[in-house]
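1. How does the following fold in three dimensions:
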Amino acid sequence: MNPITDIITRPTAREQYARTYKDSVVLFKPWQAAYNLSKLDSLEVELPYGERGFFQPQGNAVYTYNIVLQEGEVLEVAVQKDSGAEKVFSEVLQQRDSVWKMVAQNDDGENTIEYVVNDTGRYKVMLQPEIKAHAGFFISLTKRPQYGFPVAGKGNADIGSFWGMERDGGARAHEGIDIFAKRGTPVVAVTSGTISYTGERGLGGKQVWLRDGLFGNSLYFAHLDSIDVEAGTQVKTGDTLGFVGNTGNAKTTVPHLHFGIYKHGAVNPLPFVYKVAPLQQGNYTYTFNDNILKAKGQANLRQGPGTGTSVVGQAAPGDVLLVLGQHQDWLHVKTHNGTAAFLHKSLVKEAK
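-> The predicted structure is shown next:
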């Protein structure tokens with residue numbers, strides 16, 4: 001190891017781990033090959049997603065999940081283990097022009113990743129335990145909005161008008177979301193930043209503009225009844241900016257906040273503030289005593305944990321399946337030819 005060179009090259013946790021096996025090619029080569037092959041897995045899951053199971057010392061299992069994420073969301077990847085000594089290498093890849101590019105990875109010894117999504121699209125989460133890992137685990141893939149909610153005491157159910165809806169008889173599209181609340185309800189900063197403008201002008205009536213960082217997003221709070229900050233003020237998340245009203249072109253509507261986000265133009269603000277229910281670990285168990293099971297009969301192998309997902313193959317009666325983990329009533333399995341899939345737990349039995 002060369003600490004000075006590492007400062008410059010910044011090797012990944014996986015690369016640092018590979019050094020410890022430079023003289024053990026027999027162990028490392030199939031482990032790395034399993035990782036490369038698993039990039040082709042096509043399992044699709046929706047967030048929040050939880051999976052419980054046991055890392056087994058045989059098989060070089062790799063856990064891969066394809067997901068769709070939107071700009072403004074924050075992806076959270078976490079692995080909890082019964083044994084803190086076991087290493088797990090976690091990565092997030094983004095699909096760009098049909099090629100998967102790594103955009104985030106965990107640091108050596110860390111078990112979590114937080115990734116702020118800047119581009120709406122398809123992503124892949126890859127998790128690989130170290131060679132001969134043997135421990136119980138719980139995998140959680142969750143997301144949260146990048147910002148807080150802009151109206152005090154309100155939430156998703158109070159959003160009554162969305163991005164892209166017609167305005168002025170179809171002459172223009174809605175460049176934001178409308179959050180309905182009683183007149184005078186506090187409008188709050190969704191993030192820390194600088195107030196770049198306050199005043200009354202145009203369609204937005206009384207309005208506040210908040211800049212997220214020096215070169216970050218411009219956040220637009222419109223139709224306010226009154227304004228409670230001044231331009232140039234530094235604010236923190238939750239500080240009051242003004243109060244819900246219906247000024248500007250909203251004077252004929254009930255009071256609401258128009259909230260918009262501008263980057264190089266307007267972007268859909270919904271994913272930035274939409275609240276997501278937390279994952280409840282208590283809803284996840286592991287049903288079986290072993291990770292080697294057999295299909296009871298002909299059984300569909302699916303792309304995701306649900307009967308509404310695509311069939312990717314079939315298991316014949318008696319086929320042996322390696323169970324990687326369990327998501328509620330669905331097993332995450334690999335077949336004898338290495339195909340990753342989901343299978344309902346009622347369709348398998350323990351291999352005696």
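
2. Quick one: residues contacting residue 221.
-> 150, 187, 207, 208, 209, 210, 241, 242, 257, 258, 259 (Cβ atoms under 8 Å, 6 or more residues apart in numbering). Any C-beta I mention is one placed from the backbone N, CA and C, and that applies to glycine too.

3. whoops, residue 276 was the one
-> 47, 48, 142, 143, 144, 145.

4. In a markdown table: these, plus pLDDT and secondary structure.
-> Below are those laid out as a markdown table (pLDDT from 0 to 100; DSSP: H, G, I helix; E, B strand; the rest coil):
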| residue | pLDDT | secondary structure |
| --- | --- | --- |
| 47 | 96 | coil |
| 48 | 96 | coil |
| 142 | 98 | strand |
| 143 | 97 | strand |
| 144 | 97 | strand |
| 145 | 98 | strand |
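
5. what would these look like in a markdown table with distance to residue 346 and neighbour count?
-> What follows is those, written out as a markdown table (distance: Cβ to Cβ, whole Å; neighbours: other Cβ atoms under 10 Å):
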| residue | distance to residue 346 | neighbour count |
| --- | --- | --- |
| 47 | 25 | 20 |
| 48 | 24 | 16 |
| 142 | 27 | 17 |
| 143 | 30 | 21 |
| 144 | 33 | 16 |
| 145 | 36 | 19 |
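
6. Tell me the first helix or strand C-terminal of the helix or strand bottoming out on mean pLDDT in the chain.
-> Lowest on mean pLDDT, DSSP states H and E among the helices and strands of the chain sits helix 3-9, with a mean of 52. If you walk from helix 3-9 toward the C-terminus, the next helix or strand you reach (DSSP states H and E) is helix 13-19.

7. which helices and strands sit right next to that next one?
-> Counting contacts by 3 or more Cβ pairs under 8 Å, 6 or more residues apart in numbering; DSSP states H and E, helix 13-19 packs against strand 88-96.

8. Give the pairing partners of the helix or strand just after the strand it packs on; include direction for each.
-> Sequence order places strand 99-105 as the next helix or strand after strand 88-96, per DSSP H and E. Here strand 99-105 has these sheet partners by DSSP bridges: strand 88-96 (antiparallel).

9. what does the partner strand contact?
-> 13-14, 17, 39, 75, 77, 79, 81, 100-106, 111-113, 115, 119, 121-130, 133, 137.

10. again, only this time at 7 Å
-> Outside strand 88-96, the residues that touch it by Cβ atoms under 7 Å, 6 or more residues apart in numbering are 13-14, 75, 77, 79, 100-106, 111, 113, 115, 119, 121-129.

11. likewise stretch 195-208?
-> When contacts are defined by Cβ under 7 Å, 6+ apart, stretch 195-208 is touched by residues 209-211, 218, 220-224, 226-227, 229-233, 235, 241-242, 245, 247-250, 258.

12. so how far does that stretch reach from one end to the other?
-> Terminal residues of stretch 195-208 lie 7 Å apart, using Cα to Cα, to the nearest Å.

13. do the same with stretch 336-343
-> First-to-last residue span, stretch 336-343, Cα to Cα: 14 Å.

14. ok, and for it, which residues are buried?
-> Buried positions in stretch 336-343, judged by neighbour count with 16 or more other Cβ atoms under 10 Å: 340, 341, 342, 343.

15. how much space is there between the last one and residue 285?
-> Read that as residue 343. Residue 343 is 16 Å from residue 285, where distance means Cβ to Cβ, to the nearest Å.

16. for the first one, same thing?
-> Here residue 340 is placed at a distance of 21 Å from residue 285 (Cβ to Cβ).

17. What of the third one?
-> Spatial separation of residue 342 from residue 285 under the definition Cβ to Cβ is 16 Å.

18. Repeat that for the second one.
-> The gap separating residue 341 from residue 285 is 20 Å, by Cβ to Cβ.

19. would CSV of the contacts of residue 276 with distance to residue 265 be doable?
-> Converted to CSV, those look like this (distance: Cβ to Cβ, whole Å):
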residue, distance to residue 265
47, 27
48, 31
142, 29
143, 24
144, 25
145, 20
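
20. and the two most separated of those?
-> Using Cβ to Cβ, the contacts of residue 276 reach their maximum pairwise distance at 48 and 145, which is 13.5 Å.

21. quick one: residue 285 and residue 52 touch, right?
-> Yes: between residue 285 and residue 52 a contact is recorded at 6.4 Å, counting by Cβ atoms under 7 Å.

22. So between those two, which is more surrounded?
-> Applying other Cβ atoms under 10 Å to residue 285 and residue 52 shows that residue 52 carries more neighbours, namely 20 against 10.

23. Phi first, then psi, for residue 30.
-> Note on residue 30: its backbone torsions stand at phi -70, psi -30 [degrees, to the nearest 10].

24. That one - how many residues pack around it?
-> Around residue 30 there are 13 residues (other Cβ under 10 Å).

25. what about it, distance to residue 60?
-> Going from residue 30 to residue 60 by Cβ to Cβ gives 6 Å.

26. Same question for residue 347.
-> According to Cβ to Cβ, residue 347 and residue 60 sit 25 Å apart.

27. Compare neighbour counts for these two and give me the winner.
-> residue 60 (20 against 17).

28. which SS state does the closest residue in space to that one that isn't next to it in sequence fall under?
-> Spatial nearest neighbour of residue 60, chain neighbours left out: residue 34 (3.9 Å); criterion: Cβ to Cβ, 6 or more residues apart in numbering. Recorded secondary structure, residue 34: helix (DSSP: H, G, I helix; E, B strand; the rest coil).
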